[in-house]
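Trainee: quick one, what's the 3D model for this:
(one chain, ligands or ions: 1)
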Amino acid sequence: MNQITEFPRLHTVPMSNHEVPQVIAIDGPAASGKSTVGEAVARRLGFLYFDTGAMYRAVTLAAIGRKINLGDETAVTALAESVHIDIVPPTVEDGRQYTVLVDQVDVTWGLRSAEVDANVSTVSAYPGVRAALSRQQRRVAKTGRVVMMGRDIGTVVFPEAPLKVYLNASAEVRARRRAQELAERGQSVDLASVLAAMIERDAIDSNRETAPLRIASGAVIVETDGLAIDEVVERIVALAHERFQ
Ligand code: CDP
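Mentor: Next up is the predicted model:
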C-alpha cells in the first residue's frame, strides 16, 4: 500500500509571492511523530522549528499553577491573552528540543506531565485561547521560514502554506512511542492507560467546534506505521525543495 498520498488541491488561491507564508505546516494526532520529524526537517532545511503544542501546554500548566478552574473559559482565556510564553533554543542539555519560559520561568519538562496531558484538550478547545495563540503563531512566521507543528496549522493558522503535511500512525503505534518516551524520562508507564488517555485527547481535539484536528485540503498525508523517521524526513524535504524556491 502506498503510505504517502497527496490530497487533491481543492482551492489554490493565487497570491502574490510576498503574501505566501513561508511555512511547512505539520499536523497530526498525539505522538504521530510531529516533533521528531519536524525538528529533523527544520534542521535539514535551515528553517525555524516551532511546536505550537508547547504553547497550549504552557497555558494549561500556568492555569493549573495559578489554581484557575479549567472549566472557567473566561478566566482561562484571560490567562492565555496575558501570559508571556517564550520558546527559545535549549538552555540546558538534557534532551530537550527547546526551552519554554512562562513569565520567565523554565517549564519545559513540566509541560509533559500527565496532569497537563489530561487537561490540555479542555483548554485548547476554547476559541479565545486559540485566537490568542494563533495570533502569536502568525507573528512567529513573519520572522522567516518555519516548520510549524500542531493540530490546525494547515487548516486554520496557515491554510495557504506552500507545504502542508498530515502525519498519522495507528493508535497502538503512537501509544507505544509515547510510552517509550515517558519510560526514557524515568516515568513509570502502563501502556493501556497511555493508549486510553491518548485516544481521549484525540477525540476531544477532533470533535471540538473550533479548529478541530482535520486533514487540510492540499495536505500530503504520511502514514508512518512501519516507516523509518528518515524516510518520512526525506519525503518532506524533497517536497519542500519543490515548493520553496
Ligand atoms: O505531543 P503531542 O502530539 O501529544 O501533543 P502536542 O502537539 O504537544 O499538543 C498538545 C495538545 O495541544 C493537543 O492535544 C491539542 O489539544 C492542543 N493543540 C491544539 O489544539 N492546537 C495546536 N496547534 C497544537 C496543540
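Trainee: let me see the backbone angles for the residue nearest the centre of the chain.
Mentor: Computing the C-alpha centroid of the chain and ranking residues by CA atoms, centre = their mean puts Gly150 first, at 2.4 Å. Per-residue torsions, Gly150: phi 180, psi -150 (degrees, to the nearest 10).
Trainee: correct me, but it touches Val157?
Mentor: Yes. Contact criterion CB atoms under 8 Å: Gly150 and Val157 qualify, at 7.2 Å. (Glycine included, C-beta is placed from N, CA and C.)
Trainee: what is in contact with these two at once?
Mentor: 25, 52, 137 (CB atoms under 8 Å, 6 or more residues apart in numbering).
Trainee: narrow those residues to those in helices?
Mentor: Members of the shared contacts of Gly150 and Val157 lying in helices (criterion: DSSP state H): Gln137.
Trainee: a helix runs through Thr122, doesn't it?
Mentor: Yes. Counting by DSSP: H, G, I helix; E, B strand; the rest coil, Thr122 is found in a helix.
Trainee: that one and Val129, how far apart?
Mentor: 10 Å (CB to CB, to the nearest Å).
Trainee: neighbour count for the two, which is higher?
Mentor: Val129 (25 against 18; other CB atoms under 10 Å).
Trainee: which of the helices or strands spans the more buried one?
Mentor: Taking DSSP states H and E as the definition, Val129 sits inside helix 127-141.
Trainee: name the residues of that helix that come out as buried.
Mentor: 129-130, 132-134, 137, 140-141 (16 or more other CB atoms under 10 Å).
Trainee: near the ligand too, which of those?
Mentor: Among those, no residue lies close to the ligand (CB under 6 Å from any ligand atom).
Trainee: can you point out the buried residues in the top helix by length along the chain?
Mentor: If you go by DSSP H, the chain has its longest helix at helix 191-207. Going by neighbour count (16+ other CB under 10 Å), the buried part of helix 191-207 is 194-195, 197-198, 201-202, 205.
Trainee: and it, what other elements does it pack with?
Mentor: Identification of packing neighbours for helix 191-207 by 3 or more CB pairs under 8 Å, 6 or more residues apart in numbering; DSSP states H and E yields helix 114-124, helix 171-184.
Trainee: out of these, which comes closest to the ligand?
Mentor: helix 114-124 (3.4 Å; CB to the nearest ligand atom).
Trainee: dump the C-alpha coordinates for the closest one into CSV.
Mentor: Output of helix 114-124 as CSV, limited to C-alpha atoms (Å, rounded to 0.1, in the frame of the first residue of the first chain):
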residue,chain,number,x,y,z
ALA,A,114,0.3,13.6,33.0
GLU,A,115,-1.7,16.4,34.5
VAL,A,116,-1.1,18.7,31.5
ASP,A,117,-1.8,15.8,29.1
ALA,A,118,-5.1,15.2,30.8
ASN,A,119,-6.2,18.8,30.7
VAL,A,120,-4.7,20.4,27.6
SER,A,121,-7.5,19.4,25.3
THR,A,122,-10.1,21.2,27.5
VAL,A,123,-8.0,24.4,27.4
SER,A,124,-7.3,24.2,23.7
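Trainee: output the contacting helices and strands for it.
Mentor: Using 3+ CB pairs under 8 Å, 6+ apart, helix 114-124 sits against helix 53-65, helix 191-207.
Trainee: let me see the mean pLDDT of the following helix or strand past the last one.
Mentor: Just to be clear, that refers to helix 191-207. Downstream of helix 191-207, the next assigned helix or strand under DSSP H and E is strand 220-223. The average pLDDT within strand 220-223 is 96.
Trainee: near the ligand, which of the buried residues of helix 191-207 show up?
Mentor: 201, 205.
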